[in-house]
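> I need the structure of the sequence given here:
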Amino acid sequence: MASVRVSRVGKVPVRIPDGVTIEVTGAEIRVKGRLGEQRLPLAQDVEATMVEKTVELRPRSNSARARTMQGTMRALLGNMVTGVSQGFTRQLEITGVGYRAAIDGKALKLQLGLSHDVLYPIPPGIDIKCDRPTQITVSGADKQRVGQVAAELRAYKKPEPYKGKGIRYSDETVRRKEGKKK
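Model prediction:
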């Protein structure tokens, strides 16, 4: 007989820092902070309750789906609280001769050795900065959107293994290959 495992992440209550307000209505949680407002639709299998300066999430039943959704909802809510209070940031680096980036109005202009410049429109709620022509900083309150924008920018020119040219995350290491020999 299999033992019943309960989510350890879901058991930990979400602490509410100063400057963040949380409203729990039946099927939705609203989180407001200095960096914006976000909404989280609750799964039907999970219920949320406010206890002092924390939010506790509990499964409505003992089913496997309810227990997994408890951990998922807890992680999403924790990310929302962190996002509206501190925000999320992803750094990208551009490597290659002539490769550069610049902000052009409401778009990011990328020169990546293609026959044309790539214009990436900056989505609302996301802030993109170019401190240097070879460095891009993507930041915002929504962790998923920040990661998605960073992944879309990286996809324009992934780092290649021979010379290392392309767009990479600042904490990414590219495994280099040896070129062909005579």
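
> With just CA atoms, put the lowest-mean-pLDDT helix or strand in the chain into PDB.
The least trusted helix or strand in the chain, going by mean pLDDT, DSSP states H and E, turns out to be helix 8-11, with a mean of 80. Extracted C-alpha coordinates of helix 8-11, given in PDB (Å, rounded to 0.1, in the frame of the first residue of the first chain):
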ATOM      1  CA  ARG A   8       5.700  20.200   2.200                       C
ATOM      2  CA  VAL A   9       5.800  23.500   0.200                       C
ATOM      3  CA  GLY A  10       2.100  23.900   0.500                       C
ATOM      4  CA  LYS A  11       2.200  23.600   4.300                       C
END
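
> Show me the contact partners of the helix or strand residue 144 falls within.
Element membership for residue 144, per DSSP states H and E: helix 143-155. With contact meaning CB atoms under 8 Å, 6 or more residues apart in numbering, helix 143-155 is reached by 79, 82-83, 88-90, 92, 108, 110, 120, 123, 125-126, 128, 136, 138-140, 166-169. For every residue, glycine as well, the C-beta is placed using N, CA and C.

> Recalculate using a threshold of 6 Å.
79, 83, 88, 90, 92, 126, 138, 140, 167 (CB atoms under 6 Å, 6 or more residues apart in numbering).

> relative to helix 143-155, how tilted is the helix or strand hosting the fifth one?
Just to be clear, that refers to residue 92. Assessed by DSSP H and E, residue 92 sits inside strand 88-95. Strand 88-95 runs at 10 degrees relative to helix 143-155, counting by axes from the mean of the first three to the mean of the last three CA atoms, to 10 degrees.
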